[in-house]
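[1] Dropping the sequence and predicted coords here.
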Amino acid sequence: MPPPAPRPVRIAPSLLSADFARLAEEVAAIERAGADWLHLDIMDGHFVPNITFGPPLLRSLRKHTRLPFDVHLMIAPAEPYLKDFADAGADHMLVHPESGPHLHRALHTIAALGKTPGVVLNPATPVESVAWVMDLVEVVLVMGVDPGFGGQAFLTGQLGKIARLRQMIDATGRAIALSVDGGVNPATAPRIVEAGADVLVAGSAVFGAPDYARAIATLRGGAA
């Protein structure tokens, strides 16, 4: 039997590492450079020790790009704010099992809003926490660092988790995206993809590079 065809790797630059004084220009630049998604980290200073931005920023940026908004909700509780982010222009809405007592209901709500539901695993969150919602999710995001701040080193212990999730996803027969965020750079990306990821969320590895197109191509495994 021939080996399985390689999965195309999508790149989702993380807005958290962009120049906040030039956000519209930064988003336009990464779209021209070949980004697939725009990753937006929503932090409340409670669920994680940082505060970023909310629906008004999404609404402002929405008219400047056609990129899907991959919105990571690091807020607790998350459910009361799902409609606000959906109305502001979110495309994917990713929640943590720990961000509220009713993960199934949150994912059903996201789908009912016409958005792509996803779940996020912190480094210490076991894969078993998503086993019961694999029929509902379309994105599974693995945090390669403790969430809250950019620029951290990838926790190599997460490679086993990525590999296990790849097995779980393949067993469903569904096209669930397996995304990794935190410490993604040209050195770590090949190992992350080899473990089974097909979406790479990268902040400083893209926005900190002098050439966004080359940075994105390098993460994909090619050359610009």
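    All right, it came through fine.
[2] before we move on, what SS does Asp170 have?
    Secondary structure state of Asp170, per DSSP: H, G, I helix; E, B strand; the rest coil, is helix.
[3] From Thr188, how far off is it?
    From Asp170 across to Thr188, the span is 22 Å (CB to CB, to the nearest Å). The C-beta positions use only the backbone N, C-alpha and C, and glycine is treated the same way.
[4] neighbour-wise, which of these two wins?
    Thr188 (21 against 13; other CB atoms under 10 Å).
[5] Low-confidence bits of this protein, can you list those?
    Along the chain, the parts satisfying pLDDT under 70 run over 1-5, 150, 222-224.
[6] how much space between Arg10 and Leu58?
    20 Å.
[7] Also Asn185?
    Taking CB to CB, one finds Asn185 at 26 Å from Leu58.
[8] List the buried residues in stretch 178-195.
    Buried residues in stretch 178-195, counted by 16 or more other CB atoms under 10 Å: 178-185, 188-189, 192-193, 195.
[9] These in helices, which ones?
    189, 192-193, 195 (DSSP state H).
[10] Thr218 contacts Pro186, correct?
    Yes: counting by CB atoms under 8 Å, Thr218 does reach Pro186; the two are 5.1 Å apart.
[11] Near the closest residue in space to Asp146 that isn't next to it in sequence, how many residues? Count them for me, please.
    The shortest distance from Asp146 to any non-neighbouring residue, by CB to CB, 6 or more residues apart in numbering, is to Pro123 (6.0 Å). Residues within reach of Pro123, counting by other CB under 10 Å, total 15.
[12] For Pro123, list the residues it contacts.
    Residues counted as contacts of Pro123 (CB atoms under 8 Å, 6 or more residues apart in numbering) are 143-146, 155, 157-158.
[13] Roughly how far does it sit from Met143?
    Counting by CB to CB, the gap from Pro123 to Met143 is 6 Å.
[14] Could you pull out the residues contacting both of those two?
    With CB under 8 Å, 6+ apart, Pro123 and Met143 have common neighbours Gln158.
[15] For the contacts of Pro123, give me JSON lines that also has neighbour count and secondary structure.
    Shown next, in JSON lines, are those (neighbours: other CB atoms under 10 Å; DSSP: H, G, I helix; E, B strand; the rest coil):
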{"residue": "Met143", "neighbour count": "26", "secondary structure": "strand"}
{"residue": "Gly144", "neighbour count": "27", "secondary structure": "coil"}
{"residue": "Val145", "neighbour count": "19", "secondary structure": "coil"}
{"residue": "Asp146", "neighbour count": "14", "secondary structure": "coil"}
{"residue": "Leu155", "neighbour count": "16", "secondary structure": "coil"}
{"residue": "Gly157", "neighbour count": "10", "secondary structure": "coil"}
{"residue": "Gln158", "neighbour count": "23", "secondary structure": "helix"}
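[16] Cool, thanks, talk later.
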